[in-house]
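Novice: Pasting the sequence and the predicted model now:
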Amino acid sequence: MIDWAWLLDHAGAIAGRTGQHLFLAAMAVAIGFAISFGLAIWSVRQRIVAPPITALAGILYTIPSLAVFSALVSITGITLVTVEIPLVMYTLVILVRNIVAGLDAAGPDVIEAAEGMGYTRGERLWRVELPLGIPLIVAGIRLASVSTIGLVTITATLGDSFGGLGYFILTGYHLHFPTEMYAGAIPSILLAIAVDLILVRVGRILTPWAPAGLGGGETPV
Amino acid sequence: MNLVGAIVAWLSDPVHWAGPNGIPARLGEHVAISSASLVIALAIALPIGLLIGHTGRGAGLAINASNLGRALPSLAAIAIVYPVTAAIDPQWGFYVAPTLVAMVVLAIPPILVNAYAGIQGIDRELSGSARGMGLRERQILFSVELPIALPVVVGGIRSAAVQIVATATLGAIFGFGGLGRYLVDGVAQNDDGQVFGGVVLVAGLAILTELGFGLLERLLTSPGLARPGRTSGEASAA
């Protein structure tokens, strides 16, 4: 069922598409993180904005990705913008929730101690709340990265210039060629798992004080 | 705005409400395949999740399997199943089976993890005192633990259902019907009315699914647990 010769011939193309896949996903998670970080700090400082932000992000998250990609095609054309808007949109709900939970992870006694030591609000955020929130924030980045890597495959519906490994899935389907479908599907799963494992390590390196085995933290469903 | 006009025109054209490509037929296909895969996923994931939560045995294995399931892109899930089912049954195997199997595989992790986490998170003293009162294990699970864990369990079913509705949409890429047809065909035919009509229908169905299960979650929360300040439905799996 698997045409190994084809795979050997196309090893370079598969590597290239893997690179594109990572690039599209990394860009979305980076932009999503920047937006979410701002929204999370706003929610923590002014509790009243938290419920509407979470509700809106939750509703956006519910809309199936194919619908958003299809809708954007006629507005922003077949461009990188059309690819990135939905990818960024889907990271928001996961990232905002986990960054807020991370910033809240420092208990009231810790905050009080920081205030007693004369920290200003900004210092407290960068030197107390943020470091203590790293496990939960990294857990959010892991979840967002894995789901974004999955969604990048769907961008293949926007044409050959995008899609990362999803390109092989769609081309293989149109050509009735299972090998090519697997050449897209299996590396995209491995990529998600590899990125997840790397981020677990990054979380551990960022929190040297945490007991071993706790680096990843909780991943809310 | 002409976009709204195009959507209204497309949705109100009686041609789009009749026949095998009409909205009722496509909606029916979408809901039918979604319900079928949700029922199959429930039948597999719910007993396993509840049992693991109750006994604590096999938790690591279940959580790892579920995390692996989460790393599975939905399009990749369809792509992996597709050649196999197409080879087994050229008729159904092309249109229904790949989407259905992928939907079941993707729906299992959230149901299983939340069922496990909901039961596992209950205060051990509660089940301990139930055991002391002479309840059997089955009774403890179904009359003590499950009612308390129900909001969390239903929360998992809710995320599974939303995921299923989205994956059914993707099935259109691989020849399945459902509401995703309008998106795929609309883009291919450069027909904005069809695309945006499809977007409204697909998004509407997904949001209704989310809200419907959210309501169910609230209705199934035991009044004793529904105290203010208690959040339900969010489970965490380490």
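Specialist: Done, it's in. Numbers count the residues shown, from 1 in each chain, chains lettered A, B, ... in the order given.

Novice: what about residue 163, how many residues close to it?
Specialist: As the question left the chain open, I've gone with chain A. 26 (other C-beta atoms under 10 Å in any protein chain shown). Any C-beta I mention is one placed from the backbone N, CA and C, and that applies to glycine too.

Novice: nope, chain B
Specialist: With other C-beta under 10 Å as criterion, residue B:163 counts 23.

Novice: Dihedrals phi and psi, residue A:77?
Specialist: In terms of degrees, to the nearest 10, the main-chain angles of residue A:77 are phi 70, psi -170.

Novice: And stretch A:37-55, end to end?
Specialist: Taking C-alpha to C-alpha, to the nearest Å, stretch A:37-55 runs 17 Å from one end to the other.

Novice: and the lengthiest helix in chain A, anywhere near chain B?
Specialist: Of all segments of type helix in chain A, defined using DSSP state H, the longest is helix A:11-45. No: using C-beta under 8 Å from any C-beta of the partner chain, helix A:11-45 never reaches chain B; the gap is at least 10.1 Å.

Novice: roughly how far is that helix from the heart of the chain?
Specialist: In this view, helix A:11-45 has its centroid 6 Å away from the chain centroid, taken as C-alpha atoms, centre = their mean, to the nearest Å.

Novice: Repeat that for stretch B:195-208.
Specialist: The answer for stretch B:195-208 is 16 Å, by C-alpha atoms, centre = their mean.

Novice: same question for it, mean pLDDT?
Specialist: When pLDDT is averaged over stretch B:195-208, the result is 94.

Novice: rewinding a little: and the longest helix of chain A, what's buried?
Specialist: A:14, A:17-18, A:20-22, A:24-25, A:27-29, A:32-33, A:35-37, A:39-41, A:43-44 (16 or more other C-beta atoms under 10 Å in any protein chain shown).

Novice: tally of neighbours for residue A:99?
Specialist: Residue A:99: 25 neighbours (other C-beta under 10 Å).

Novice: check which helix or strand covers the residue lying closest to residue A:147 once chain neighbours are set aside.
Specialist: In space, residue A:147 comes closest to residue A:90 once its chain neighbours are excluded; the distance is 6.5 Å by C-beta to C-beta, 6 or more residues apart in numbering or on different chains. In this assignment (DSSP states H and E), residue A:90 forms part of helix A:80-103.

Novice: And that helix, what does it pack against?
Specialist: helix A:11-45, helix A:50-62, helix A:65-76, helix A:130-152, strand A:219-220 (3 or more C-beta pairs under 8 Å, 6 or more residues apart in numbering or on different chains; DSSP states H and E).

Novice: In TSV, list these along with distance to residue B:126 and mean pLDDT.
Specialist: What follows is the helices and strands packed on helix A:80-103, written out as TSV (distance: least, C-beta to C-beta, whole Å; pLDDT from 0 to 100):
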stretch	distance to residue B:126	mean pLDDT
helix A:11-45	34	95
helix A:50-62	30	90
helix A:65-76	41	90
helix A:130-152	28	93
strand A:219-220	23	41
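
Novice: Say whether chain B is contacted by stretch A:187-202.
Specialist: Yes: for stretch A:187-202, a contact with chain B is found by C-beta under 8 Å from any C-beta, at A:188, A:189, A:192, A:193, A:196.

Novice: Report the secondary structure state of the second one.
Specialist: In other words, residue A:189. helix (DSSP: H, G, I helix; E, B strand; the rest coil).

Novice: so it makes contact with residue B:76?
Specialist: Yes: taking C-beta atoms under 8 Å as the definition, residue A:189 is a contact partner of residue B:76 at 5.7 Å.

Novice: Looking at those two, which one has more neighbours?
Specialist: Per other C-beta under 10 Å, whichever of residue A:189 and residue B:76 has more neighbours is residue B:76, with 26 against 20.

Novice: The nearest residue to that one once chain neighbours are set aside - how many residues pack around it?
Specialist: Excluding the flanking residues, the one nearest residue B:76 by C-beta to C-beta, 6+ apart is residue A:185, at 3.8 Å. Neighbour count for residue A:185, taken as other C-beta under 10 Å: 28.

Novice: was I right about residue A:185 contacting residue B:72?
Specialist: No: the pair residue A:185 / residue B:72 is not scored as a contact, 9.2 Å apart, by C-beta under 8 Å.

Novice: mind listing what residue 17 touches?
Specialist: Chain wasn't specified; assuming chain A. The contact partners of residue A:17, by C-beta atoms under 8 Å, 6 or more residues apart in numbering or on different chains, come to A:163, A:164, A:165, A:167, A:168, A:184.

Novice: Oops, wrong one, chain B.
Specialist: B:23, B:24.

Novice: Tell me how far the residue of chain A most remote from its centre lies from residue A:127.
Specialist: Farthest-out residue of chain A from its mean C-alpha position, per C-alpha atoms, centre = their mean: residue A:116, at 36.9 Å. Residue A:116 sits 14 Å away from residue A:127, going by C-beta to C-beta, to the nearest Å.

Novice: Perfect, that will be all.
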